[in-house]
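1. need a structure here:
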Amino acid sequence: MAKRREGRVPSSSDRREDRVEASKRAIRRGGDSASSPKINIVLFLFVVIAPAIAVLVYRIRYAPRTNRALSSYVHQQGLVKADVNYQEILTENSKVSKNMSQRHYTYPVLAYITPWNNKGYDLAKSFNSKFTHLSPVWYDLRSQGTNLVLEGRHNADIGWITELRMKGDAWVIPRVVLEAIPKELLRKKKQRDKAIEMIITECKEMDYDGIVLESWSRWAAYGILHDPEMRNMALQFIKQLGQALHSVSSEKNGKQGLQLIYVIGPPHSEKLQEHDFGPADLQSLSDYVDGFSLMTYDFSGPHNPGPNAPLKWIHSTLQLLLGSVGKSDQNLARKILLGINFYGNDFALSKGTAGGGGGAITGRDYLSLLDKHKPVLQWEKNSGEHLFFYSDDHHAKHAVFYPSLMSIFLRLEEARSWGVGISIWEIGQGLDYFFDLL
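-> Purely as a prediction, here's the structure:
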């Protein structure tokens, strides 16, 4: 998208030069006439200076955001590039700008934090001002016989929440995974009401600012979304939950109420299936949901090794949900939180591994692999991701895909061009200097 922006600016400049030359000819013609010098001066100011000022204002206002973020350490050091080497990453990954509170990405930013990756808790405090929403992954709502139970309060860290609120203004909205048996929950009004009551009570007692709800993938796994009646009930439940949360006053913003962010997966193809969350669903829920956490990652897996989230795939997913760039509903676009992975994958490629193997890696794992194997990093232009290959102690070949400053930067530019927010899974798995881009 940056190339298209750069392509527009020279065209404006060319038009300006044409206007300036035409203005000069007009002034020369005017000099031969009997017009007064004052008229010539006014004409010069109007025809030449005014358009020049207009072009300057245009360039400042619509300059590529890449120029606005150059105050960050990673840009100043020239680290955001395709041609990167392992030693540079090992040396620079923990260095960030002195001003850790300055935001470069002005749309909403949701960050997930997991209990099994404690580094995320510290990063959330250090870079608090970079985020608008923080979602600790704490809760599950399950069926227990004929009853429902909300599990996870033992994960909650009240002291951490207190520190967060002293350091910044990010909304604290824990994730709740809806594991309850869907046919029981959605068909029975008492169960629906009970589930909503339990969620709201927990928000009040724990002083949360709302929740992130994950249920669509579970409902798809149960196969209920193929049934039009059940699918409609599922949408109605989300609407009911959104209305209930919005009706409860929030300590942070009493007028707005508690917030609901809903997790959605990317459609599997351009031809939507019954279980896909599509543009009609987005429109249907837009008045009841404050944001949609779009899981644009996990494109590849152990049995089909490859990039985590190809840039073209991200673009086509947004296009399917929102339409064309520049023509989408900006109020709706702003509710999309484009998923960006801060984890990577280490795939085993050797035939002896029965079709492949391997799995997710964190920043710590990645740095260890760089230090041990000293690989040559390759830039995969089609996907917009870095990767490298290595052989393990058993001589099995591996391919490693892990985010880089360049890959994250390009995804932020893609998100910015649509006017959407971002959601990061999850911050404890990333490298410190990633946050310099936010």
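2. only C-alpha atoms for contact and neighbour calcs from this point on.
-> Fine.
3. what strands flank the top strand by length along the chain, and is each parallel or antiparallel?
-> With DSSP state E setting the assignment, residue counts place strand 133-144 as the longest strand in the chain. If you go by DSSP bridges, strand 133-144 pairs up with strand 109-113 (parallel), strand 147-151 (antiparallel), strand 171-172 (parallel), strand 175-178 (parallel).
4. what does the next helix or strand along the chain from the first one contact?
-> Meaning strand 109-113. If you walk from strand 109-113 toward the C-terminus, the next helix or strand you reach (DSSP states H and E) is helix 119-126. Among residues not part of helix 119-126, those counted as contacts by CA atoms under 8 Å, 6 or more residues apart in numbering are 100, 113-114, 134, 160, 163-164, 167, 426-429.
5. next, the buried residues of helix 119-126.
-> By neighbour count with 16 or more other CA atoms under 10 Å, helix 119-126 contains the buried residues 120-121, 123-126.
6. what pLDDT, on average, does that helix get?
-> Per-residue pLDDT values over helix 119-126 give a mean of 96.
7. now it: how far from the chain's centre is it?
-> A distance of 18 Å separates the centroid of the chain from that of helix 119-126, by CA atoms, centre = their mean, to the nearest Å.
8. for stretch 97-105, same thing?
-> Using CA atoms, centre = their mean, the mean C-alpha position of stretch 97-105 is found 17 Å from that of the whole chain.
9. am I right that Leu178 is in contact with Ser143?
-> No - taking CA atoms under 8 Å as the definition, Leu178 is not a contact partner of Ser143, at 9.4 Å.
10. how many neighbours does Arg153 have?
-> The local packing of Arg153 (other CA atoms under 10 Å) involves 12 other residues.
11. now stretch 192-202: mean pLDDT?
-> Confidence for stretch 192-202, expressed as mean pLDDT, is 98.
12. can you find the helix or strand of the chain with the lowest average pLDDT?
-> Every helix and strand in the chain was compared by mean pLDDT, DSSP states H and E; the lowest is helix 2-32, with a mean of 35.
13. residues making contact with the one helix or strand Glu414 maps to?
-> Under DSSP H and E, the secondary-structure element containing Glu414 is helix 405-418. Outside helix 405-418, the residues that touch it by CA under 8 Å, 6+ apart are 1-2, 65, 79-82, 105, 107, 311, 315, 325-326, 328, 333, 338, 340, 384-386, 421-422, 433-434, 437.
14. which ones among those lie within strands?
-> 338, 340, 385-386, 421-422.
15. which members of these are the farthest-apart pair?
-> Across the ones in strands among the contacts of helix 405-418, the longest distance by CA to CA is 23.4 Å; it joins His386 and Gly421.
16. pLDDT below threshold where in the stretch 201-350 of the chain?
-> For the stretch 201-350 of the chain, the stretches flagged by pLDDT under 70 are 251-255, 326-327.
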